[in-house]
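[1] turn this into a model:
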Amino acid sequence: MILIIIAVALILFLGIGFYNASKLQHIHIQKTVNVQSEMRTTFDNVLYLKNFTKWSPFYEADPNQKTSIKGTDGQVGVQFHWDGNNGKDLGYQEITEIRPLEYIKMDCDIQKPFKASPTFEYSFQKTGNLIKVTQDFNLKSGLVDSFFMWLFGAKKDMEKMNARGMELLKIACEK
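    The predicted structure follows:
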């Protein structure tokens, strides 16, 4: 009888887990910040990856990580590589599209602590004396990866990290 109860509980847990995980197979997080700065300054803080450590929430969390830039900074194809958390965080992001003073797209290749390929898209719009910066984060993953993201509450952590990054971008641009 106890084995049947355990089996039913396990099946119920997995059923609920995979149902919730199916909703996490595509994660879209949008964050917006209004910056009191010039358009060029704001745009360049995102465009030039040498500036990334000024506003990266990941660098803020691990300022000892090793970073490098490969390619011509500010151009399509440039990559920002990181190796942090004593080798537990590893990957790079690459600028894949630029529309001057309007839009930047970056594709990420994360190897550790898990494999993922999210994208970050930044849109810039002048509204009065402010620059509105919108970040769209997108991540697609398989059902099993989504199950573990659900189990460990990863989406909430992603939302916090993206919000912090936009706060730091605002600070960096307004200095």
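
[2] helices along the chain, start to end?
    Taking DSSP state H, the helices of the chain run over residues 2-22, 39-47, 52-55, 57-61, 143-152, 154-174.

[3] mind listing what's buried in the shortest one?
    To tie it back to what came earlier, the one meant is helix 52-55. Buried positions in helix 52-55, judged by neighbour count with 16 or more other CB atoms under 10 Å: 52-53, 55. Where you see a C-beta, it was placed from the backbone N, CA and C, and this is true even at glycine.

[4] quick one: pLDDT of residue 9?
    On pLDDT, residue 9 comes in at 79.

[5] from residue 2, how far off is it?
    With distances taken as CB to CB, to the nearest Å, residue 9 is found 11 Å from residue 2.

[6] these two: which is more packed in?
    Taking neighbours as other CB atoms under 10 Å, residue 9 and residue 2 compare with residue 9 leading, 10 against 6.

[7] can you get me a residue count around residue 133?
    Residue 133 - counted by other CB under 10 Å - has 23 other residues nearby.

[8] correct me, but it touches residue 35?
    Yes: look at residue 133 against residue 35 with CB atoms under 8 Å: they come within range, at 6.0 Å.

[9] residues shared between the contacts of the two?
    Common neighbours of residue 133 and residue 35 (criterion: CB atoms under 8 Å, 6 or more residues apart in numbering): 42, 169-170.

[10] can you select the buried ones from those residues in ChimeraX?
    Burial among these is assessed by 16+ other CB under 10 Å; the matching ChimeraX selection reads:
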select :42,169,170
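
[11] take the shared contacts of residue 133 and residue 35 and write them to JSON lines, including distance to residue 148 and pLDDT.
    Below are those laid out as JSON lines (distance: CB to CB, whole Å; pLDDT from 0 to 100):
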{"residue": "42", "distance to residue 148": "36", "pLDDT": "98"}
{"residue": "169", "distance to residue 148": "29", "pLDDT": "98"}
{"residue": "170", "distance to residue 148": "32", "pLDDT": "97"}
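
[12] which residues does the residue nearest to residue 92 when sequence neighbours are not counted bridge with?
    Among residues not flanking residue 92 along the chain, residue 81 sits closest, at 4.3 Å (CB to CB, 6 or more residues apart in numbering). For residue 81, the residues forming beta bridges with it (DSSP bridges) are residue 68, residue 92.
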